[in-house]
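A.B. asks: this one's structure only:
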């Protein structure tokens, strides 16, 4: 339901002369709101046929304020209605469903069976493993049920797209052959996020002045663990390093608690920005000297967060507290620092180091942009997805 990746890939496929129809939630979406009482609608965006339906939610920030049970009900409602509405459409050559959430795969599998066409399933997070590791899912029956659902969807798929090597390994552990899984990570929007953007206006508006600024942008939910940033800000304040500012832009269920935490500590080095459009986010990122990719600690290191890849495109050093493939990649390519997720003082130390070494900061930024262009350009990744879809169609003779 998070649409940036899906939109960018769909737009690329349309540009390659494919017809793309996208079923998505029409709720909590200002771009194509559904009239009251209407189950679905038809519209077109950049050549993509978009069918918003009255189920689920399109805004990931909405979900951060819901309980797990509430979200699951929303997901299943979306899957059921998507399957119903999809049957009324013209027969496609292939059905592609992208998860999270996992029940979206049920709708994709059902439509592929109905039309007798191949089904390609994209896995953005491992469920239920990711939920269990974060501590948000503890019910043994729910865990068993979700594992059963995941295996069912994986087996129904003709091919699976995984967003990270760790996700591929997790899928393979369920008995799916590695040859049926292709890794296509999140990509860098190298056209929108650029090192040459001017962010001086925003810096002036929020009073950053000449301070060194590091930014986190995105959802502020339980899974993001942004208390880590507030604690790092407290440590910097105690050290008297008020020339370093930590910027948080976005919204979510934990934002109010984070603001309260910053107020409790009496911090003046934390700046909260309102949620804005992606184009505005790109300029805000340009106004800062470094980017933070922060996630709540867990045993699952399979993440592939969009914000990190956009930070690379922006040409900013990345301070990341996610070990595994992401942290290793950042350090190996000289793009930033991998931090211990349980030690916010490491973030404070890294910020002090970068603030005191502008040439190092600049070089890391150049390395980041080069990595984005070399390995994570969305156009290259979209071509890889097109190849997966075409091969699925050829293999089944659909």
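C.D. replies: Yep, that arrived. Everything quoted here is computed from the prediction, not taken from an experiment.

A.B. asks: Any regions of the stretch 151-300 of the chain where pLDDT drops low?
C.D. replies: Residue ranges of the stretch 151-300 of the chain with pLDDT under 70: 300.

A.B. asks: where along it do the helices fall?
C.D. replies: Here the stretch 151-300 of the chain has its helices, by DSSP state H, counting those that start in this stretch, at 165-172, 200-206, 227-238, 255-265, 278-286.

A.B. asks: Now those in TSV, please, with extra columns for distance to residue 90.
C.D. replies: No exception for glycine: its C-beta is placed from N, CA and C like everyone else's. Shown next, in TSV, are the helices of the stretch 151-300 of the chain (distance: least, CB to CB, whole Å):
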stretch	distance to residue 90
helix 165-172	31
helix 200-206	45
helix 227-238	48
helix 255-265	43
helix 278-286	31
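
A.B. asks: could the ones you listed be laid out in JSON lines, adding distance to residue 316 and mean neighbour count?
C.D. replies: Putting the helices of the stretch 151-300 of the chain into JSON lines (distance: least, CB to CB, whole Å; neighbours: other CB atoms under 10 Å) gives the following:
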{"stretch": "helix 165-172", "distance to residue 316": "24", "mean neighbour count": "20"}
{"stretch": "helix 200-206", "distance to residue 316": "14", "mean neighbour count": "14"}
{"stretch": "helix 227-238", "distance to residue 316": "16", "mean neighbour count": "21"}
{"stretch": "helix 255-265", "distance to residue 316": "22", "mean neighbour count": "15"}
{"stretch": "helix 278-286", "distance to residue 316": "7", "mean neighbour count": "19"}
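
A.B. asks: so which of these gets nearest residue 50?
C.D. replies: helix 278-286 (17.4 Å; CB to CB).

A.B. asks: name the helices or strands packed onto the closest one?
C.D. replies: Helices and strands touching helix 278-286, by 3 or more CB pairs under 8 Å, 6 or more residues apart in numbering; DSSP states H and E, are helix 200-206, strand 212-217, strand 244-249, helix 306-313.

A.B. asks: Most tightly packed of the ones you listed?
C.D. replies: helix 306-313 (a mean of 27; mean count of other CB atoms under 10 Å).

A.B. asks: after it, next one along is what?
C.D. replies: Going down the chain from helix 306-313, the next helix or strand is strand 318-320, by DSSP states H and E.

A.B. asks: contacting residues around that next one?
C.D. replies: Residues from elsewhere that reach strand 318-320, judged by CB atoms under 8 Å, 6 or more residues apart in numbering: 214, 290-294, 308, 311-312, 326-327, 330, 335-339, 347, 350-351, 368.

A.B. asks: closest to residue 39 out of the helices of the stretch 151-300 of the chain?
C.D. replies: Proximity to residue 39, assessed across those by CB to CB, is greatest for helix 278-286 (28.9 Å).

A.B. asks: Distance from that closest one to the middle of the chain?
C.D. replies: Relative to the chain's own centre, helix 278-286 is displaced by 16 Å; criterion: CA atoms, centre = their mean, to the nearest Å.

A.B. asks: Just want the angle from it to strand 212-217.
C.D. replies: Here helix 278-286 runs at an angle of 150 degrees relative to strand 212-217 (axes from the mean of the first three to the mean of the last three CA atoms, to 10 degrees).

A.B. asks: What lies in contact with helix 278-286?
C.D. replies: Residues contacting helix 278-286 (CB under 8 Å, 6+ apart): 4, 189, 192-195, 197-199, 201-202, 215, 217, 247, 249, 273, 276, 291, 310-311, 314, 316.

A.B. asks: Next, the buried residues of stretch 137-156.
C.D. replies: Using 16 or more other CB atoms under 10 Å as the test for burial, stretch 137-156 gives 137, 142-143, 146, 149-150, 153-154, 156.
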